Each structure stands twice: as C-alpha cells, then as structure tokens.
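K.L.:
generate coordinates for the sequence data below:
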Amino acid sequence: MSHNLPRVVHITPRVQAHGGTETLHNYHRHLPGEQVFVALFDRAPERRLNYINLGFTWRTPLREMRRRFALALAPLAGRLVIYHDGWGLPLFHDLDQSSRRVVMLHSDPAYHAAALPGLAGLIDGALAITPAVQRTVAIALPELVEDRTHHYQVPIELPPERIAKKAGGPLIFGYVGRLERAQKRLDRLPKFIRAMRATGTDFRFELIGDGAYRRTLERELAGQAHLYGWVTRTKYKQVMANWDAVVFFSDHEGGPIGLLEGMAAGAVPFYPAQGGSWADGYVPQVDALCHYPPADMPALAQAIHTIFQRPVEQLDHLRKRSRELVLAHTPENYLIDCHKFISRISVAARISRSEPRRARLSDLLPLGWATRMAPRLLTCR
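P.N.:
Got it, this is the predicted structure:
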C-alpha cells in the first residue's frame, strides 16, 4: 500500500448500527488508505479487521473512558482522526495522538450549532453533510478557511428505474429509519394516520426499521400500519418499489438517506420544512406542497390528498423528478469527495492543538450522571 495514502481513524458512537450510520461506515471502509473504526458504544463486539469496540455504557466513569481511549489510540499514533458528529472530541482530543483532526457532521445546522464554537482550535477541517452545514461551520469557526471545509453528497444505492405502478388498490406510504421519538418524531405518526383517514384517502402505511419506539407504535397503530422491522437489502428494495410516497416527520436530519433512497425508487417525498438538509433542498423541487409545515399533520395529510388526486401523467412526472434530483448521490461520488478532502487536509499545515485536560472530581462519575449535569459533554467543551 502506498505511504502517500492517508491512514485514518474514525471515532464514532456506533459502527454496528442499522440505517444511515452503518451505511456510511460501510462506504468508508472502501476509502483508499487504511481505515480504522473505533466505536464508543457498540453493544457487542464483532470480529472485523480494523475495528475496535470500546464498549462504553452510561455506567462507565469518565476516567475509565479516557483510560480505554488512550490505550486504544496509542498504537494508531500519527494518523488523521475523524470524529463523526464531534462525538468524544472535547473529552478525548488530548489522547488521540493524531497528525490532523477532522470533524464529520451528519445532521442539520440547528443540531450542530451549539457544539461548533467548542471545537475552535481543535480541528484542521470539517466535512459537512450539506452546503447549509458548511456555511454554519464557516461562521462558527472562521479559522477553517474555504479549503478546510467541504460538503458531501449523502451516498445511496440507486435502484433500477421504476416500472409504472398498476392502477387500482390503496396508495402505499412508507417510512424507513430508526423508530424513535427523539429526532425522528414517530410519535406524530398516529395523528398523521388519523388526519389521512379524515381525508377519505384509501391508503396503507408501512415502516422499515426498528427502535425503542416500536412497541408504542405497535400498540397505538394496531391494524393501521405494517411494521417490517429491519429487512435484507433485497427485501428493502422490493418493499420500497411499491411505495407511492415516502414520508418523514423529523425535527432534524442531514439526508435523510431513507428519504433520498425513496426518491430514487420513484416515491413522492414529503418532508417538514426545517431547513438545512438535502431533503429541504430537493423536496420543494418535486412540488411545493411536499415541503409541509413542521409538525402540522393535518397540513401534511391534506398535501398528500391533494397531490394524489392529480392525473396519472402528473404523478408520473413527480416520480421521475424525484429520481432525477438524487442521481448524483452515488457511492462513487461520495468516496471520491471524501478521499480528496481527507488527502488535502492530511498534508495541509496543522492548525489544531491539544489542550491537556486536568483531572476533575466529576471524572469519577458514570457517564450517565455526568451528562445529566452537562448534556453535551461528548460534543461540546
């Protein structure tokens, strides 16, 4: 392997995670150069080359977390270290023995805004999920001049072009991702279904994914929605190919990958007008009605009802437009983008520093207690 290829350490909350996190890390494994993944919170270790699981839980004291991190990173000294979403950077940066540091931001500007000022002086570059996040970084961290920041296009697998759906039968709407109240706001789904019923639309709702909110949804939506759980990639494509619309309720996102893949499959996307995600850029280009007022389930239901009252030819145009908008989001483009940026930062003058962290009495506390007192302990100084 060429010594000119950057050797990279990825610090991430989890490697073993369904959905967007796992998808991105699977792509990162194919970047040129050696990629090592250090997971902070994976629940069970896996046997995989260049994978380290620190196995932290909310019971792990901060002092023990730092000790394990230092031991794990010691053999990896001198590499470029990427902190995904900034996780662990304020707590661990003085132990990483990095040659350069990069933060890779995967959500929207509102999610990252509070943490960014705390990264001043600690990083050499930032990879941002959208142009909006890149602009937020430039404002918060002016030392990162233009060539030290870059926005990437979320990678998705493009399915074959969709065959026109046969007329008749209920419309099929879908959601894919973690089943959670926080961020994903699946607690809004029951209200949405009631609002859709009130429009008189004949439809079925399907969910691909799993999470802590699944049991609540199964109880509240008994007989009103089908929950697949996590499925194989083949099954995923088969299910999504039948969706007329892909619907999200989130408070914040970067992609989201599930919505972009739904668009690639020819589903009409509906996403709340939050600002800052790829969805916020693309969805209004499909149709302004698809970019609905955040948290307004009656407005979302009415928008869907209105759009699907249109003639088949107009709906086919929306499906084609959905697919066209995301065609550039290929894994190949993503890897080329990431590699160019990482290579550039790896040879740029280092501007990050390491500030020795003094031991504190709070270091004896378990992570769960410490984060109650300082909720953004792992992402802010």
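K.L.:
burial of residue 282, as a residue count?
P.N.:
A count of nearby residues for residue 282, using other C-beta atoms under 10 Å, gives 22. Every C-beta, even on glycine, is put in place using the N, C-alpha and C of the backbone.
K.L.:
let me fix that, I meant to ask about residue 253.
P.N.:
Quick note: residue 253 (other C-beta under 10 Å) scores 29 neighbours.
K.L.:
please name the nearest non-neighbouring residue to it.
P.N.:
Using C-beta to C-beta, 6 or more residues apart in numbering and skipping residues adjacent in sequence, the residue nearest residue 253 is residue 277, 4.6 Å away.
K.L.:
got it, and residue 246?
P.N.:
residue 262 (3.0 Å).
K.L.:
gap between the one you found and residue 350?
P.N.:
Distance of residue 262 to residue 350, given as C-beta to C-beta, to the nearest Å: 42 Å.
K.L.:
same thing with residue 176?
P.N.:
Applying C-beta to C-beta to residue 176 and residue 350 gives a distance of 40 Å.
K.L.:
more crowded one of those two?
P.N.:
Each of residue 176 and residue 350 has its neighbours counted (other C-beta under 10 Å); residue 176 has more, 24 against 11.
K.L.:
list the contacts for that one?
P.N.:
Shown in contact with residue 176 (C-beta atoms under 8 Å, 6 or more residues apart in numbering): 19, 207, 208, 209, 236, 240, 246, 258, 261, 262.
K.L.:
just the buried members of those?
P.N.:
Using 16 or more other C-beta atoms under 10 Å as the burial test, the contacts of residue 176 include 19, 207, 208, 209, 236, 240, 246, 258, 261, 262 as buried.
K.L.:
from the residues you listed, pick the one nearest residue 365.
P.N.:
Of all those, residue 365 sits closest to residue 19, with 30.8 Å by C-beta to C-beta.
K.L.:
circling back: quick one: the residue nearest to residue 246 and residue 243 touch, right?
P.N.:
Yes. Contact status for residue 262 versus residue 243: in contact at 6.3 Å, counting by C-beta atoms under 8 Å.
K.L.:
shared neighbours, the two?
P.N.:
residue 174.
K.L.:
quick one: the strands in the stretch 1-150 of the chain?
P.N.:
8-12, 35-39, 51-53, 80-84, 100-105, 125-128, 149-151 (DSSP state E, counting those that start in this stretch).
K.L.:
and the ones you listed as JSON lines, adding mean pLDDT?
P.N.:
Formatted as JSON lines, the strands of the stretch 1-150 of the chain follow (pLDDT from 0 to 100):
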{"stretch": "strand 8-12", "mean pLDDT": "95"}
{"stretch": "strand 35-39", "mean pLDDT": "93"}
{"stretch": "strand 51-53", "mean pLDDT": "92"}
{"stretch": "strand 80-84", "mean pLDDT": "96"}
{"stretch": "strand 100-105", "mean pLDDT": "96"}
{"stretch": "strand 125-128", "mean pLDDT": "96"}
{"stretch": "strand 149-151", "mean pLDDT": "95"}
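K.L.:
export the ones you listed as TSV, with columns for mean neighbour count and distance to residue 311.
P.N.:
Compiled in TSV, the strands of the stretch 1-150 of the chain are given as follows (neighbours: other C-beta atoms under 10 Å; distance: least, C-beta to C-beta, whole Å):
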stretch	mean neighbour count	distance to residue 311
strand 8-12	25	47
strand 35-39	22	49
strand 51-53	20	52
strand 80-84	25	45
strand 100-105	26	42
strand 125-128	25	40
strand 149-151	21	37
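K.L.:
wait, which of these is closest to residue 373?
P.N.:
strand 80-84 (22.2 Å).
K.L.:
so what are the sheet partners of the closest one and their directions?
P.N.:
Sheet pairing of strand 80-84 (DSSP bridges) gives strand 8-12 (parallel), strand 100-105 (parallel).
K.L.:
could I get those strands as CSV with distance to residue 361?
P.N.:
Shown next, in CSV, are the strands paired with strand 80-84 (distance: least, C-beta to C-beta, whole Å):
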stretch, distance to residue 361
strand 8-12, 26
strand 100-105, 28
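K.L.:
among these, which is nearest residue 111?
P.N.:
Among those, the nearest to residue 111 by C-beta to C-beta is strand 100-105 (8.4 Å).
K.L.:
and which of the buried ones among the contacts of residue 176 is nearest residue 156?
P.N.:
For the buried ones among the contacts of residue 176, the nearest to residue 156 is residue 261 (4.8 Å; C-beta to C-beta).
K.L.:
would you mind measuring from that closest one to residue 95?
P.N.:
37 Å.
K.L.:
if we can go back for a sec, in contact with the residue nearest to residue 253, which residues?
P.N.:
Here residue 277 is in contact with 108, 129, 130, 132, 252, 253, 254, 255, 256, 271 (C-beta under 8 Å, 6+ apart).
K.L.:
and the third one, what does it touch?
P.N.:
If I follow you right, that is residue 130. Here residue 130 is in contact with 108, 151, 254, 276, 277, 278, 281 (C-beta under 8 Å, 6+ apart).
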